[in-house]
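*Asks:* Here's my sequence, what's the structure:
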Amino acid sequence: MSRTPKDPELARRLSRRNILGVAAGATAATLLSGAAAQASGPSNGHGNGHGDGHGDGHGKGRPVLPSGRLGIQLYSLRDKVSTLGFAPVFAELEEYGYDEIEFAGYTQGSAGAITLAQLKKLARDHGLNPIGSHVGYYDDNNPGAYTFAQNLDKVLDDAAALGLKHIGTASGPFRYGSTVDGWKRAAEDFNTYGAEARKRGMKFYQHNHAEEFSFATDQPKVRLYDVLLAETDPDLVYLEMDIYWAFCAQFRFGKRADGTPAPFNPIDYVLKQPHRYPLFHVKDGTRNDAARDGYDMTDVGDGDIDYKNFLNRVTTRTRQGRTYHHWQTEHDNPVESFAFARKSSEHLHSLRTGRCGD
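*Replies:* Residues are numbered from 1 along each chain as shown. Now for the predicted structure:
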């Protein structure tokens, strides 16, 4: 279950706003409501930021964040992991009310060696569920590379040792180029990895950046992401939508090279095949039409992506409901990584559905 943040200052602020009903003694964890009201979304592709989407929670409505499903991609905390080690980082995440973690490597730099068994126990001791991990797709110049293509069994065996339910890659499917046939070949690779992962009781997934939504070089009317979805087996290959990068792609690739419109809304992909998206990356951005990506990355809650709407529509309008999807906060380069993690938890816990039908 989602936990009330144990950090005293964070819990105090949440209590003051009547959001979580934190009991006396701010370090005592309480349970969050697991229900959510239905919400309808705007027709435009990005949210209105500090209005409907960013924290109109003042004790009204039900939590948008599903119970027990708040995680963080540890890449956002790589500076702390490399200098302090996993133990202090996990202790902080426990204080901030996180339920899950997604790995971006299993080493801790100057903190010294740690075994997978120790890492698994350490996460469990802090009430954190290791939900997934990012591993490289390929390094064809290095047969010893720790990637799916070069060392599939090792990658999957390590994931199984950690008790992961998901194992994936944040590498784009560009191994064989940007043609339709090239992506069909990559899809075959992914189907193979998915089949092997399933034998070990795991789901293989791919995490997108913006470029996955670009167009094939040989068929400029074909969006490459559509090739990936069509050519991978939905029972073997799953997706982790990075919501920020998907909205950046909406800005960058809303037109084809010849200038003809090709609009899309990221959430439509999810609502069409919700079972294919067990994991999400929650990162935020402020709209900037002068920037290449159309957004400048910022801390969750400080940007213009309408997460109240997005979470509500995914968790209340799909067959799987609130318990299927997992939400991992992330910032590629936070100013202060612990502050980012704390602020993200506070913001997502604060989101509330409003009146009936909101």
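
*Asks:* and the biggest helix by length in the chain, average pLDDT?
*Replies:* Of all the segments of type helix in the chain, defined by DSSP state H, the longest one is helix 180-199. In this model, helix 180-199 has an average pLDDT of 98.

*Asks:* residues of that helix that come out buried?
*Replies:* Burial within helix 180-199, assessed by neighbour count using 16 or more other Cβ atoms under 10 Å, is assigned to 180, 182-187, 189-194, 196-197. Any C-beta I mention is one placed from the backbone N, CA and C, and that applies to glycine too.

*Asks:* tell me the angle the following helix or strand past it makes with helix 180-199.
*Replies:* Using DSSP states H and E, the next helix or strand after helix 180-199 towards the C-terminus is strand 203-207. Strand 203-207 and helix 180-199 are oriented at 140 degrees to each other (axes from the mean of the first three to the mean of the last three Cα atoms, to 10 degrees).

*Asks:* what pairs with strand 203-207, and is each one parallel or antiparallel?
*Replies:* Within its sheet, strand 203-207 is paired with strand 166-169 (parallel), strand 237-242 (parallel), according to DSSP bridges.

*Asks:* residues contacting the residue nearest to residue 65 when sequence neighbours are not counted?
*Replies:* Spatial nearest neighbour of residue 65, excluding adjacent residues (Cβ to Cβ, 6 or more residues apart in numbering): residue 348 at 4.9 Å. Taking Cβ atoms under 8 Å, 6 or more residues apart in numbering as the criterion, residue 348 is in contact with 64, 65, 70, 282, 300, 301, 307, 327, 329.

*Asks:* Including secondary structure, pLDDT and distance to residue 134, could these go into JSON lines?
*Replies:* What follows is the contacts of residue 348, written out as JSON lines (DSSP: H, G, I helix; E, B strand; the rest coil; pLDDT from 0 to 100; distance: Cβ to Cβ, whole Å):
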{"residue": "64", "secondary structure": "coil", "pLDDT": "95", "distance to residue 134": "26"}
{"residue": "65", "secondary structure": "coil", "pLDDT": "95", "distance to residue 134": "23"}
{"residue": "70", "secondary structure": "strand", "pLDDT": "98", "distance to residue 134": "18"}
{"residue": "282", "secondary structure": "strand", "pLDDT": "98", "distance to residue 134": "15"}
{"residue": "300", "secondary structure": "coil", "pLDDT": "98", "distance to residue 134": "19"}
{"residue": "301", "secondary structure": "coil", "pLDDT": "97", "distance to residue 134": "24"}
{"residue": "307", "secondary structure": "helix", "pLDDT": "97", "distance to residue 134": "22"}
{"residue": "327", "secondary structure": "strand", "pLDDT": "98", "distance to residue 134": "16"}
{"residue": "329", "secondary structure": "strand", "pLDDT": "98", "distance to residue 134": "15"}
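
*Asks:* Where do the strands of this structure begin and end?
*Replies:* Listed in chain order, the strands of the chain (DSSP state E) span 70-73, 100-103, 129-133, 166-169, 203-207, 237-242, 279-282, 284-287, 295-298, 326-329.

*Asks:* Tell me how far the nearest residue to residue 318 once chain neighbours are set aside lies from residue 322.
*Replies:* Once flanking residues are discounted, residue 318 sits nearest to residue 274: 3.7 Å by Cβ to Cβ, 6+ apart. With distances taken as Cβ to Cβ, to the nearest Å, residue 274 is found 12 Å from residue 322.

*Asks:* Residue 226: which of the strands paired with strand 203-207 is closest?
*Replies:* strand 237-242 (12.3 Å; Cβ to Cβ).

*Asks:* who touches the closest one?
*Replies:* Residues external to strand 237-242 that are found in contact with it (Cβ under 8 Å, 6+ apart): 132, 166, 168, 187, 190-191, 193-194, 203-209, 229, 266, 269-270, 276-281, 283, 328, 330.

*Asks:* For residue 285, which non-adjacent residue is spatially closest?
*Replies:* What sits nearest to residue 285 in space, not counting adjacent residues and going by Cβ to Cβ, 6+ apart, is residue 295, at 3.1 Å.

*Asks:* quick one: contacts for the one you found?
*Replies:* So residue 295 contacts 244, 247, 248, 251, 285, 286, 287, 288, 303, 304, 305 (Cβ under 8 Å, 6+ apart).

*Asks:* OK, contacts around the first one?
*Replies:* Remark: with contacts taken as Cβ under 8 Å, 6+ apart, residue 244 is in contact with 281, 283, 284, 285, 295, 297, 305.

*Asks:* Now compare the residues you listed and name the two farthest from each other.
*Replies:* The distance between the two most remote of those (Cβ to Cβ) is 13.9 Å, for 281 and 295.

*Asks:* pLDDT below threshold where in the stretch 201-350 of the chain?
*Replies:* By pLDDT under 70, the stretch 201-350 of the chain contains no weakly predicted segment.

*Asks:* what pLDDT does residue 57 get?
*Replies:* If you check residue 57, the pLDDT there is 41.

*Asks:* if we can go back for a sec, ChimeraX command to pick out the buried ones of the contacts of residue 295?
*Replies:* Only the buried entries of the contacts of residue 295 go into this ChimeraX selection, using 16+ other Cβ under 10 Å:
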select :244,247,248,251,285,287,303,304,305
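
*Asks:* Mind putting the contacts of residue 295 into JSON lines with distance to residue 318?
*Replies:* Rendered in JSON lines, the data for the contacts of residue 295 read as follows (distance: Cβ to Cβ, whole Å):
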{"residue": "244", "distance to residue 318": "21"}
{"residue": "247", "distance to residue 318": "20"}
{"residue": "248", "distance to residue 318": "24"}
{"residue": "251", "distance to residue 318": "26"}
{"residue": "285", "distance to residue 318": "25"}
{"residue": "286", "distance to residue 318": "29"}
{"residue": "287", "distance to residue 318": "27"}
{"residue": "288", "distance to residue 318": "31"}
{"residue": "303", "distance to residue 318": "24"}
{"residue": "304", "distance to residue 318": "24"}
{"residue": "305", "distance to residue 318": "19"}
